[in-house]
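Enquirer: here is the input, now give the coordinates:
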Amino acid sequence: MKEKQGNLAKVGLPQLLHLIYRKGDQAAALDIVREPVKKRFFFKDGVPAGASSNILNEVLGRLLMQEGIISQKDYETSLEVVLKEKKKHGEVLISMGLLTTEQLDAFLVLQLKRRLLRIFGWNEGAYRYTRIDSVPQEITHPSLHPASLILEGVSLGFYPAPRLKADIKGLIDKPFKAAPDTGAYPLDAFNLNLQEKRFLSSFDGAKTLKEAVESSDLLRHRALSLALSFIITGLVKGPSALPEPEFFEEEARDKAPLAGGPGGETKLNAELLFMRAKSALVGGDYATAERMFREITDLNPVEGEYWAYLGWALYNVNPEAPEEAEKIIKDAIDLNNDLDSAWHFLGEVMLASGKKAQAASAFKTALQKNPWLSSASAELKRLELASIEPAYADSDARDRYTVYYGLKDDPFRDVPQRPSFAPSSRDELLDAIKRSVLRKSGPLFISGGKGSGKTSFVIDLLRRLSDEKVLIATVLKPPSRELDLIKAINAEVGAASDAASVKEQLLGFGMRVSQNKIQGGHTLIIIDESDRLSAGCIKLLQYLSRLKTLQIMLVGEPSFLERLSSPEFGELKDRLKTVHELKPFTEEETGEYIKSRLDALKTEDVYEFSQDEVKDIHSASNGAPSLINKKAAERLFASLAKGLQKDEGPEGAVPETASGLETGEGKAPEEPQVEAFSFESAPFSFDAPSLKEGPMTRDAVLEEKETAPVASPLEGEAKEDGPLTGPLETEPGLTGNEIAIEGPQASAPQLTHPAPAPAATSARAGHTAPAEALKRASPLQKTEEAPPEKPGKSVGRRLTVWIILMIIAGLAIGSAIGIVWLRKDKAGESVPQVVDERSLIPQGPSPIEASAPIDPSAPLDASVPLR
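Expert: Have a look, this model is predicted:
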């Protein structure tokens with residue numbers, strides 16, 4: 001008995017399957033290893049007949065759970081019977097009435113097919129082919145013919161596109177001739193359609209491969225993949241540039257076990273216990289789950305998935321100490337790099353540790369391992385939204401209350417939170433949409449006004465669909481050009497291409513949809529902000545809506561439906577039978593929403609909104625989540641200001657308004673100037689810089705009140721003792737740059753300080769010098785404050801003083817002009833210097849120099865001390 005071995009880097013699986021079929025050994029085994037993954041395939045007369053592997057997710061019971069044939073409880077019960085009665089799992093499932101013999105055979109063929117198709121994408125890995133006496137007795141199901149398997153694997157994208165191009169490169173200018181009757185396979189084994197048969201017959205021996213592809217009515221990639229399949233299988237003959245495998249003949253040796261570790265019964269016990277531990281984990285009993293996972297890893301220490309779940313349970317037991325959990329999960333990945341769950345857990349732990357870039361990388365890898373893992377996609381979208389989140393005009397106030405209350409982050413940002421809050425009405429809607437997607441009931445539209453939480457709803461739906469086999473393309477900010485839109489969709493489903501035409505991009509997308517269908521999955525496109533779609537992009541989606549294997553969900557404002565009234569979009573409008581509306585939150589839901597946001601980020605007891613406050617917020621926001629966030633942020637900062645006022649006492653009292661609202665007589669409150677949420681121009685980065693120069697603590701915030709009174713940029717300027725945000729008021733007879741003070745002038749020190757910017761030039765007051773700082777800078781004693789005057793009397797007095805000053809100034813200037821005019825003709829006589837009456841007034845300290853308004857976008861001058 002001989003064996004042959006080689007490397008998949010030199011010989012791809014399609015050619016290897018063809019060579020084994022052509023060899024036609026009565027019984028053979030093919031071992032393929034790409035550490036730590038090991039698979040063994042059995043062949044009867046050169047045709048794949050069965051398989052085994054060390055990947056738990058590929059075992060029959062898990063496949064049946066994924067397909068919805070049996071439940072987890074059924075799986076656990078069947079494993080108990082297998083252990084007790086020492087029977088094969090398939091036999092037990094049939095005896096339990098969960099499967100028929102025909103269904104079992106069909107699923108075993110499906111299991112074999114999926115195991116092989118996964119290896120089509122391997123660019124490396126060692127293989128060893130061995131003739132054996134017979135295949136295992138349990139392999140009784142129908143075999144899988146390699147002709148259709150090769151054609152399907154290559155033409156539907158399982159075979160990597162770069163490798164396909166490399167294989168074709170040396171053949172493109174060579175002639176080929178169809179030889180369907182002389183090849184190793186009957187033509188019927190390929191199940192070609194009419195177009196594909198016509199393409200095969202175009203190889204007449206005179207045309208080159210390039211000419212045959214260009215003359216075909218098939219799209220280029222499809223034609224090239226078919227041509228490669230024809231060449232590999234011998235359906236067309238010509239000068240072959242494909243390398244023959246470099247087999248190394250050597251004597252057969254005893255086969256080592258396919259995978260190390262415990263025996264079969266111990267593995268079954270570990271798998272049964274694993275299912276129970278997962279149930280405890282899902283139920284929130286983290287301590288029990290951790291204990292069970294530790295027992296499982298003792299039973300089967302070589303299974304990476306068990307270690308990954310142990311790390312995840314450990315993290316949930318103690319989220320404040322993620323280091324050990326992170327290490328265990330990384331060790332699990334070392335045992336099996338293909339574990340999507342391990343990569344997802346690692347991303348969650350990294351994210352909780354503040355390692356956003358590493359978390360994003362882990363989530364991306366999890367999606368590459370399992371494109372149906374939409375919960376990883378949800379976290380990537382959340383990180384994307386956070387990275388392009390515009391700066392808030394009231395960011396300084398938000399920073400202050402976040403630190404003061406010991407919050408992990410600002411709870412009222414316009415970024416979807418985790419865990420998210422969905423009132424019962426939206427929770428029911430999420431379930432309804434999930435059912436629509438799984439039933440493939442056609443396009444649907446989610447309608448909601450501005451700030452109604454549409455994007456958060458999309459993120460929640462991604463999480464809701466994570467346990468289903470749904471391949472999702474989520475475009476939160478659709479581009480205006482059709483080519484860019486289909487490129488974005490392809491990138492989302494793992495079919496990114498540099499093709500420069502919509503037609504070629506559509507081909508790639510169609511192949512990916514077909515590939516996903518073969519694997520048993522659904523495909524869903526979600527387009528947010530659909531009301532902003534261009535006419536061309538709407539037509540593209542209208543075309544895609546014709547695909548029966550594809551679901552489309554459009555999310556936007558109600559105006560989108562009005563646009564569909566145009567005749568050019570009639571086809572899409574007719575198909576769009578399902579429309580759901582996102583209702584505003586009720587007052588009760590508003591309170592629950594605010595509480596959920598605070599609870600998710602608090603580390604200690606935090607401010608609780610009263611029912612009256614919730615009522616006011618709901619009334620002001622009309623139940624729109626975005627406005628609820630804004631109003632709740634204002635209220636939370638107001639509570640901070642009152643807390644500081646209480647701590648500080650009367651001397652450093654904070655203004656009652658506490659929100660920085662300018663309260664001049666007759667001036668109405670203005671709405672805070674917070675930028676509307678937009679995705680427009682910010683680049684994608686997972687490491688957005690912090691708003692602060694360094695870390696702040698609650699003690700730092702409390703200490704800060706000793707040097708500067710609290711003023712909120714939420715609504716404007718501080719009332720009295722807040723930052724200087726406007727020109728200083730002067731007493732009559734003084735210039736705008738002088739301050740009247742009492743006491744001997746000789747003792748007055750000179751003060752120089754840039755004048756702060758007017759309030760209109762900046763939304764933030766954090767960098768302006770506070771009035772309290774000026775008071776401490778001078779050793780002069782503070783004058784006793786006069787009692788406040790009535791508004792009308794104060795205004796009248798100021799107006800009178802201003803008129804008097806203008807009259808005096810006019811007389812002085814007129815007098816000076818007259819003297820110069822009358823004496824200008826007397827040569828040689830000096831003109832007496834006109835004395836300004838204001839110069840006779842005793843001078844105070846050196847004036848504070850006026851400065852131009854501060855540009856908030858300009859870099860700070862390091863020489864100016866910041867309080």
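
Enquirer: how near is L273 to N300?
Expert: 10 Å (Cβ to Cβ, to the nearest Å). Yep, even glycine has a C-beta here, placed from its N, CA and C like the rest.

Enquirer: next: F107.
Expert: Separation of F107 from N300 (Cβ to Cβ): 25 Å.

Enquirer: tell me how far S395 lies from S621.
Expert: Applying Cβ to Cβ, the value for S395 to S621 is 20 Å.

Enquirer: in this protein, what spans have low per-residue confidence?
Expert: Counting by pLDDT under 70, the chain has low-confidence residues at 1-3, 141, 182-183, 240-263, 643-802, 812, 814-867.

Enquirer: any idea how it splits into domains?
Expert: Residue ranges for the domains of the chain, per automatic domain parsing: 2-148, 171-237, 264-370, 374-423+585-777, 424-581.

Enquirer: end-to-end on the shortest one?
Expert: Okay, so that is domain 171-237. 12 Å (Cα to Cα, to the nearest Å).

Enquirer: go on, stretch 50-60?
Expert: Terminal residues of stretch 50-60 lie 12 Å apart, using Cα to Cα.

Enquirer: likewise stretch 393-410?
Expert: 14 Å.

Enquirer: which positions within it qualify as buried?
Expert: Under the neighbour-count criterion of 16 or more other Cβ atoms under 10 Å, stretch 393-410 has 393-405, 407, 410 buried.

Enquirer: which among these gets closest to K197?
Expert: For the buried residues of stretch 393-410, the minimum distance to K197 (Cβ to Cβ) is 63.2 Å, reached by D410.

Enquirer: the closest one contacts T402, correct?
Expert: Yes. Counting by Cβ atoms under 8 Å, T402 is a contact partner of D410 at 5.0 Å.

Enquirer: for the stretch 551-700 of the chain, just list every one of the strands.
Expert: Taking DSSP state E, counting those that start in this stretch as the test, the strands found in the stretch 551-700 of the chain are 578-581.

Enquirer: what are the ranges of the strands in this protein?
Expert: Using DSSP state E, the strands of the chain run over 2-7, 27-34, 37-44, 47-53, 126-131, 175-178, 204-208, 236-237, 250-251, 444-447, 470-475, 522-527, 550-556, 578-581.

Enquirer: nearest to G304, of the ones you listed?
Expert: Closest among the strands of the chain, once you apply Cβ to Cβ, is strand 37-44, at 10.2 Å.

Enquirer: for the closest one, which helices and strands make contact with it?
Expert: strand 27-34, strand 47-53, helix 101-120 (3 or more Cβ pairs under 8 Å, 6 or more residues apart in numbering; DSSP states H and E).

Enquirer: burial of S619, as a residue count?
Expert: Neighbour count of S619, defined by other Cβ atoms under 10 Å: 12.

Enquirer: residues in contact with it?
Expert: With contacts taken as Cβ atoms under 8 Å, 6 or more residues apart in numbering, S619 has no neighbouring residues.

Enquirer: try Q515
Expert: Q515 neighbours (Cβ under 8 Å, 6+ apart): 156-158.

Enquirer: type out the ChimeraX command that picks the buried ones from these.
Expert: What follows is the ChimeraX syntax selecting those of these that are buried according to 16+ other Cβ under 10 Å:
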select :156,157,158
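
Enquirer: just the contacts of Q515 now: which is nearest I55?
Expert: F158 (17.1 Å).

Enquirer: just give the nearest non-adjacent residue to the closest one, would you?
Expert: F120 (3.9 Å; Cβ to Cβ, 6 or more residues apart in numbering).

Enquirer: now for the buried residues of stretch 393-410: which two are most distant?
Expert: Pairwise distances across the buried residues of stretch 393-410 peak at 20.7 Å for A393 and Y405 (criterion: Cβ to Cβ).

Enquirer: what about F637, how many neighbours?
Expert: F637 is flanked by 25 other residues according to other Cβ under 10 Å.

Enquirer: go through stretch 453-467 and flag the buried ones.
Expert: Applying 16+ other Cβ under 10 Å to stretch 453-467 flags 453-466 as buried.

Enquirer: one step back: mind putting the contacts of Q515 into JSON lines with distance to I20?
Expert: Listed next are the contacts of Q515 as JSON lines, based on distance: Cβ to Cβ, whole Å:
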{"residue": "L156", "distance to I20": "21"}
{"residue": "G157", "distance to I20": "23"}
{"residue": "F158", "distance to I20": "18"}
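
Enquirer: before I go, just wanted to say thanks for your time.
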